[in-house]
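1. need coordinates for the below:
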Amino acid sequence: MADTRRGPAGPHAGEVPDAGARGAAFGLGHLLTWLGQGEGALPQPGRGGSGTESRPGAGDPSPAADSPFSAVTMSSLPSGQPPMRPGGLFVAIATGRRDGHDFVPDAFANGARAALVARVPGGLQEAVAHGRIRALDFRAGAGGMQVGPPAGVTSAQGGQGGLPADSLVAPALPGPEQPLLGRGLLLLVDDPLRTLQGCAAWWRRRHQARVLAVAGAVGKTTTKELLANILQRRYRTLRTPGNFNNELGLPITLLGLTAEHQVVALEIGISEIGEMASFAAIAGADVAVMTRIVPEHMHQLEDLDTVEREEGRLVEALPPGGTAVLNGDDPRVARMAERTAARVVRFGEGVTADVRASGVELLGLQGVVFDLHSAGPAGDVTRRVQLPLVGRHFVTAALAAAAAAFAAGCTWEDVLEGLSRPPEAQRLAPRRLPGDVTLLDDSYNASPDSTRAALDVLASLGGRRIALLGDMLELGAYAPAAHREVGEHVPGRADVLVTVGELGREIARAARRAGAGPLGVHECDSTADAISLLPELLRRGDTLLVKGSHGMHLEAVVQALEAGGPGPGVKPAHGHGFPGIVPGNEADRVAPR
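-> Numbering: from 1, shown residues only. Model prediction:
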């Protein structure tokens, strides 16, 4: 008989599951309920895990459960990330480059049902004053909830207020004869981001689903994807989409929970001191998986001791009944066991690990095979695993995922089948390009550690090997040395090196000093220059690695190559409206708080 507990991985970023198929989904009634409770609903750092807080089950009354938001997003565009959909919730976020308040009218025009805002946008003040857009004020200075034009917005009839008392009723989606503008609802709060996070923490604690949170400086996305592949064999699983793991992706993922979900594979990324303590309080993790501690976001986290301390806040937040899944091969991760009262499970290749690997064999583009060992009540069990990922370093991610899955109650069959499936967000996935060129696309992010690992993968492959490496961003004062270290790793692993960006020149210079031939090293100022250069370099049978930080937009190189040649340019063209915050794009992160 089929296992009826198995289910799909859940919606994409920002999408709320269908209420009928997945249980009560997050909607306007829930948001209004939480706003009425105030900021006290946001848990304090250190109160993570299941704790003693009540988590009502599926039978708990749910306001407006029949009218969930179709999406929760900070994008005003249907093509944004995450996409706006008719009936969605728009969250006006101010980033270093854009202010979401400027795009609230676009969001309503594209079907948004409500918008979380800190003020009435200038373009909507007239509509609010005339009651064509309803506004509810939950800001501290409003003296509680106000119905009508917010303070500072005057009605056309004079004075303040003027909206009918039934404005509290959730607005219905307009029919074909009704304009979208005029049917939206503005929810004024002191801080839309904090409101989003607080509501997500409250929503998570209304559900019985166990949260398995994956953190660490590198390897998070692959570990989370492998873990979700295993979990969904046995449980209805919600997962973080892609690497949408920041201050926005975390709450938006959790707001996708319904009563039908049994587990969440949640990815958590940090770039600032204090973030993990807050994120851990929001997530309430039952299982914490820690991958590795290496340099990351050094412009804010400063040094490895700080990275270790801050990442470890997730482990500290576990309840006594939780489980810490720690990398026993990384001393900085292994000693996090001293920071928790939770059960500790270690993974790695050392003989003392609870879940370990041996007999690792590389199969080139076919992946990796290894013996997976796990200690259980009946003694040690060993199975041979074939992992469809290119690179030895992915064995660590597989071990972490297996250890967490065992801790969540998965069987050997679940683990073996889950690990055999390619992850949705696959790193270094080989692709065949026109002209019989093999592409290893790892363009969406880069760190010194992951770039060296990618070069090792390139070295294991046949044919002429070309590495296109862009700047690794957000490394602070460590950046020049980090790029030189990568350059020193190039000789013997790449036959041709192409660098992009100012810091990429450090890679090129170090590679030449380490023995790379001068004719095999090319420096480009921009992604556009690299797109123009590559057709001259590539030959039939070559293997090309593309890797760099997301802010370098090296995905444009991949897109041009897949189209059969250099494109017209690489500057992003988002069109009219606010595209949202692309997962992993550090240039679009919320400004320091």
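2. just the element for residue 214, please.
-> strand 210-215 (DSSP states H and E).
3. quick one: the next helix or strand along the chain from that strand to chain centroid distance?
-> As assigned by DSSP H and E, the chain's next helix or strand after strand 210-215 is helix 220-231. Put simply, helix 220-231 sits 12 Å off its chain's centre (CA atoms, centre = their mean, to the nearest Å).
4. after helix 220-231 comes which helix or strand?
-> Using DSSP H and E, the helix or strand that follows helix 220-231 towards the C-terminus is strand 237-239.
5. kindly list the main-chain dihedrals of residue 266?
-> Main-chain torsions, residue 266, degrees, to the nearest 10: phi -110, psi 130.
6. burial of it, as a residue count?
-> Burial of residue 266 is recorded as 30 neighbouring residues (other CB atoms under 10 Å). C-betas here are computed from N, CA, C, even on glycine.
7. elements contacting the strand holding residue 214?
-> helix 220-231, strand 263-267, helix 275-283, strand 287-290, helix 394-407 (3 or more CB pairs under 8 Å, 6 or more residues apart in numbering; DSSP states H and E).
8. cutoff 10 Å now
-> helix 220-231, strand 237-239, strand 263-267, helix 275-283, strand 287-290, helix 313-316, strand 323-327, helix 394-407 (3 or more CB pairs under 10 Å, 6 or more residues apart in numbering; DSSP states H and E).
9. closest to residue 307 out of these?
-> Closest approach to residue 307 among those (CB to CB): helix 275-283, 10.2 Å.
10. identify each buried residue in that closest one, please.
-> The neighbour-count check on helix 275-283 (16 or more other CB atoms under 10 Å) flags 275-283 as buried.
11. how about stretch 522-539?
-> 522-524, 526-528, 530-531, 533-534, 537-538.
12. send over that stretch as PDB, restricted to the C-alpha atoms.
-> Extracted C-alpha coordinates of stretch 522-539, given in PDB (Å, rounded to 0.1, in the frame of the first residue of the first chain):
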ATOM      1  CA  HIS A 522      42.400  36.500 -19.400                       C
ATOM      2  CA  GLU A 523      41.100  39.400 -17.400                       C
ATOM      3  CA  CYS A 524      37.700  41.000 -18.100                       C
ATOM      4  CA  ASP A 525      36.300  44.200 -16.600                       C
ATOM      5  CA  SER A 526      32.700  43.100 -16.900                       C
ATOM      6  CA  THR A 527      30.300  40.300 -17.600                       C
ATOM      7  CA  ALA A 528      29.700  41.800 -21.000                       C
ATOM      8  CA  ASP A 529      33.400  41.600 -21.800                       C
ATOM      9  CA  ALA A 530      33.400  37.900 -20.800                       C
ATOM     10  CA  ILE A 531      30.400  37.100 -23.000                       C
ATOM     11  CA  SER A 532      32.300  38.700 -26.000                       C
ATOM     12  CA  LEU A 533      35.500  36.800 -25.200                       C
ATOM     13  CA  LEU A 534      34.200  33.300 -24.700                       C
ATOM     14  CA  PRO A 535      33.300  32.500 -28.300                       C
ATOM     15  CA  GLU A 536      36.900  33.100 -29.200                       C
ATOM     16  CA  LEU A 537      38.200  30.800 -26.500                       C
ATOM     17  CA  LEU A 538      35.700  27.800 -26.500                       C
ATOM     18  CA  ARG A 539      36.500  24.800 -28.600                       C
END
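13. surely residue 468 forms part of a helix?
-> No: counting by DSSP: H, G, I helix; E, B strand; the rest coil, residue 468 is not part of a helix but strand.
14. would you agree it is in contact with residue 560?
-> No: using CB atoms under 10 Å as the test, residue 468 is too far from residue 560 to be in contact (11.8 Å).
15. who has more neighbours out of those two?
-> Neighbour tally, residue 468 and residue 560, criterion other CB under 10 Å: the higher count belongs to residue 468, 28 against 22.
16. which sections of the protein are below the confidence cut-off?
-> Along the chain, the model assigns pLDDT under 70 to residues 1-23, 38-66, 141-183, 298, 378, 425, 518-519, 565-593.
17. give me the residue at the spatial middle of it.
-> Note on the chain: the residue nearest the mean C-alpha position is residue 244, at 1.7 Å, using CA atoms, centre = their mean.
18. looking at it, it is touching residue 220, isn't it?
-> No: taking contacts as CB under 10 Å, residue 244 lies outside contact range of residue 220: 11.3 Å.
19. find residues that contact each of those two.
-> By the contact definition CB atoms under 10 Å, 6 or more residues apart in numbering, residue 244 and residue 220 are jointly contacted by 267, 269.
20. residue 352 and residue 509, how far apart?
-> Distance, residue 352 to residue 509, by CB to CB, to the nearest Å: 42 Å.
21. ok, residue 422 next?
-> Using CB to CB, one gets 37 Å for the distance from residue 422 to residue 509.
22. please apply the same query to residue 240.
-> Distance of residue 240 to residue 509, given as CB to CB: 38 Å.
23. and these two? Which one has more around it.
-> Taking neighbours as other CB under 10 Å, residue 240 and residue 509 compare with residue 240 leading, 30 against 16.
24. residues contacting that one?
-> Neighbouring residues of residue 240 by CB under 10 Å, 6+ apart: 10, 13, 213-214, 220-221, 224-225, 228, 249-250, 252-254, 256, 264-269, 425, 583.
25. can we see that at 7 Å?
-> Residues counted as contacts of residue 240 (CB atoms under 7 Å, 6 or more residues apart in numbering) are 224, 249, 253, 265-267.
26. nearest residue to it other than its sequence neighbours?
-> Distances taken as CB to CB, 6 or more residues apart in numbering place residue 267 nearest to residue 240, at 4.1 Å, with adjacent residues excluded.
27. that neighbour: neighbour count?
-> By the criterion of other CB under 10 Å, residue 267 has 29 neighbours.
28. same thing with residue 481?
-> By other CB under 10 Å, neighbour count at residue 481 equals 14.
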